[in-house]
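Undergrad: The sequence and its predicted three-dimensional model are supplied below.
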Amino acid sequence: MLTASVDNLIAGHWLGQVIPKRHARRSVTRNMLRRQVRAAMEQHVSRLRPGLWLVRLRQPFAKTTFLSADSNLLRHAVSAELDRLFDRVAE
């Protein structure tokens, strides 16, 4: 049985992702978003503090701009947004 708090057990970087169906209806899109989040975390991990990191999709990408469920345009938009977010929280 663990007696220490979770905060004291953390070694390294842990990543959680929340990508709700209401924001990304198609599983192809949700899976692409998950892969993009993991890739961005791997790219920025050296500049992030160790600990638990959670990435949550708060709003959908505009369907009028991104017609395909997994287009290069959507991939680039997601990658750019994740880079901005990780740059903002990096030390």
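TA: Nice, thanks for sending it over.

Undergrad: Let me see the contact set for the residue most central in space within the chain.
TA: The residue lying closest to the centre of the chain (Cα atoms, centre = their mean) is V37, at 3.4 Å. By Cβ atoms under 8 Å, 6 or more residues apart in numbering, the contact set of V37 is L15, Q17, V55, L82. Yep, even glycine has a C-beta here, placed from its N, CA and C like the rest.

Undergrad: Which helix or which strand is home to it?
TA: helix 27-44 (DSSP states H and E).

Undergrad: List the buried residues of the following helix or strand past that helix.
TA: Following helix 27-44 in sequence order, the next helix or strand is strand 51-56 (DSSP H and E). Residues W53, V55 are the ones in strand 51-56 that count as buried (16 or more other Cβ atoms under 10 Å).

Undergrad: Report all helices and strands that strand 51-56 contacts.
TA: Under the contact criterion of 3 or more Cβ pairs under 8 Å, 6 or more residues apart in numbering; DSSP states H and E, strand 51-56 touches strand 13-18, helix 27-44.

Undergrad: Show me how far the last one is from its chain's centre.
TA: It refers to helix 27-44. On the basis of Cα atoms, centre = their mean, to the nearest Å, helix 27-44 is displaced by 6 Å from the centre of the chain it belongs to.

Undergrad: With the first one instead?
TA: For strand 13-18, the distance from its own C-alpha centre to the chain's C-alpha centre is 7 Å (Cα atoms, centre = their mean).

Undergrad: Only the buried residues of it, if you could.
TA: In strand 13-18, counting by 16+ other Cβ under 10 Å, buried: H13, L15, Q17.

Undergrad: and if you look at stretch 55-64?
TA: Result for stretch 55-64 [16+ other Cβ under 10 Å]: buried residues V55, L57, F61.

Undergrad: Also stretch 70-88?
TA: Buried residues in stretch 70-88, counted by 16+ other Cβ under 10 Å: L74, A77, V78, L82, F86.
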